[in-house]
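[1] Kindly generate the corresponding structure for this input.
(one chain, ligands or ions: 1)
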Amino acid sequence: MHSDPIVARLRAAGCVFAEAEAAFVRRHLHHPGDIERAVEARAGGMPLEHAVGVAEFAGLAVAVADGVFVPRRRAEVLASAAVAHRPDARVVVDLGCGCGALAAALASHLPGAEIHAVDIDPASVVVARANGRRFGFRAHHGSWWTALPTTLRGRVDLAVGYLPHVPTDRVERIHPDFRAHEPRHTVDGGPGGLDQVRAVAAPMTEWLSSEGVFVTLLSTEQVASVPGRVLQADDEDAVIVLDGAAVGHWGL
Ligand SMILES: C[S@@+](CC[C@H](N)C(=O)[O-])C[C@H]1O[C@@H](n2cnc3c(N)ncnc32)[C@H](O)[C@@H]1O
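    A predicted model of the protein is given here:
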């Protein structure tokens, strides 16, 4: 039995990274009752971030809640590459924001920019609004661009979206911890995985400013099917930038 009771409880429940998870719990929770509830929830199979109510993303501690997509560390590169590509952006949107982790990261790197976030899932928008008050962005409920205030039409310099892009037949392979706690619409991108990327790209020129761009993260194997420019890539993921010309090439 491990001398640390939290590590021992998590290990007994089969958590492989029990030490790291215990440290995460202690970093974010300080009241004994909160710690106890979180450890029990985690031992019962809830993803760690949902159990604690916090996710770590781009050096920030953002609120998250059960049923809301847990921000993935692999998406941090989307925020950093987008900011490096458009450090001058004044009007920025995060499409499909979940808890708003990308919007929070963008707000921390683009002080002074007007930042909006959108999600179709009401529970996500509730959490995103709480994060928005802390980090400095506004969250709206609805589908993609249509959720934005119409005053943003033609003014968006930088749109960022970590969209559902997992091909339907691969969704079943996602870790069961997450599959049970994140709704399917947060990840399922249709048969080839690109249905939502097309849905966002099709009307984007109505919303983007003349130099505006849409930056997204896809799997590297999807890059060949998208008429965008790769900003950054490794074996698994690629950050792609699309502009109005890309939409034309796609015939959207
Ligand atoms: C892969 S998750 C990413 C969430 C968040 N950007 C992050 O990195 O943590 C995709 C998000 O898109 C949202 N979504 C799916 N369809 C949508 C739609 N039609 N309009 C707006 N958001 C949508 C889901 O609810 C989910 O929160």
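[2] CA atoms for contacts and neighbours, from now on please.
    OK.
[3] can you list the residues that contact the host helix or strand of residue 133?
    Using DSSP states H and E, residue 133 falls within helix 122-135. With contacts defined as C-alpha atoms under 8 Å, 6 or more residues apart in numbering, helix 122-135 is touched by 62-65, 67-69, 97-100, 103-104, 107-108, 117-119, 137-141.
[4] how about 10 Å then?
    With contacts defined as C-alpha atoms under 10 Å, 6 or more residues apart in numbering, helix 122-135 is touched by 60-69, 96-101, 103-108, 115-119, 136-142.
[5] got it, and stretch 144-154?
    Contact with stretch 144-154 is made by 91-97, 116-120, 138-142, 159, 161, 196, 199-201, 203-210, 212, as judged by C-alpha under 10 Å, 6+ apart.
[6] one more time with 7 Å, if that's ok
    Stretch 144-154 is contacted from outside by 95-96, 118, 140-141, 200, 206-209, using C-alpha atoms under 7 Å, 6 or more residues apart in numbering.
[7] ok, and which of these reach the ligand?
    Contacts with the ligand within the contacts of stretch 144-154, as defined by C-alpha under 6 Å from any ligand atom: 96, 118.
[8] Return a ChimeraX selection command for the buried portion of the contacts of stretch 144-154.
    The following ChimeraX line selects those of the contacts of stretch 144-154 that are buried, judged by 16 or more other C-alpha atoms under 10 Å:
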select :95,96,118,140,141,200,207,208,209
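[9] Assign the residue minimising distance to the centre of the chain to helix, strand or coil.
    Closest to where the C-alpha atoms of the chain average out (C-alpha atoms, centre = their mean) is residue 71, at 4.7 Å. Three-state assignment for residue 71 (DSSP: H, G, I helix; E, B strand; the rest coil): coil.
[10] one step back: between all of the contacts of stretch 144-154, which two are separated the most?
    With C-alpha to C-alpha as the measure, no two of the contacts of stretch 144-154 lie farther apart than 141 and 209, at 22.4 Å.
[11] how about the residue nearest to residue 113 when sequence neighbours are not counted, what does it touch?
    Distances taken as C-alpha to C-alpha, 6 or more residues apart in numbering place residue 90 nearest to residue 113, at 4.5 Å, with adjacent residues excluded. Counting by C-alpha under 7 Å, 6+ apart, residue 90 touches 113-114, 157.
[12] same thing with residue 158?
    Per C-alpha under 7 Å, 6+ apart, neighbours of residue 158: 89, 91-93, 212-214.
[13] ok so, going back, local confidence estimate at the residue nearest to the centre of the chain?
    Confidence at residue 71, expressed as pLDDT, is 97.
[14] ok, it touching residue 101?
    Yes - when contacts are counted by C-alpha atoms under 7 Å, residue 71 is listed as touching residue 101 (6.4 Å).
[15] and the helix or strand of the chain with the lowest mean pLDDT, what other elements does it pack with?
    Between all helices and strands in the chain, the lowest mean by mean pLDDT, DSSP states H and E belongs to helix 176-179, at a mean of 72. For helix 176-179, there is no helix or strand it packs on, judged by 3 or more C-alpha pairs under 7 Å, 6 or more residues apart in numbering; DSSP states H and E.
[16] For the helix or strand just after that helix, list the C-alpha coordinates in PDB.
    Next along the chain after helix 176-179, taking DSSP H and E as the criterion, comes helix 195-201. Taking C-alpha atoms only, helix 195-201 is exported to PDB below (Å, rounded to 0.1, in the frame of the first residue of the first chain):
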ATOM      1  CA  ASP A 195     -17.800  17.200 -42.600                       C
ATOM      2  CA  GLN A 196     -17.600  19.900 -40.000                       C
ATOM      3  CA  VAL A 197     -14.500  21.400 -41.500                       C
ATOM      4  CA  ARG A 198     -16.400  21.800 -44.700                       C
ATOM      5  CA  ALA A 199     -19.400  23.200 -42.800                       C
ATOM      6  CA  VAL A 200     -17.200  25.900 -41.200                       C
ATOM      7  CA  ALA A 201     -15.300  26.600 -44.400                       C
END
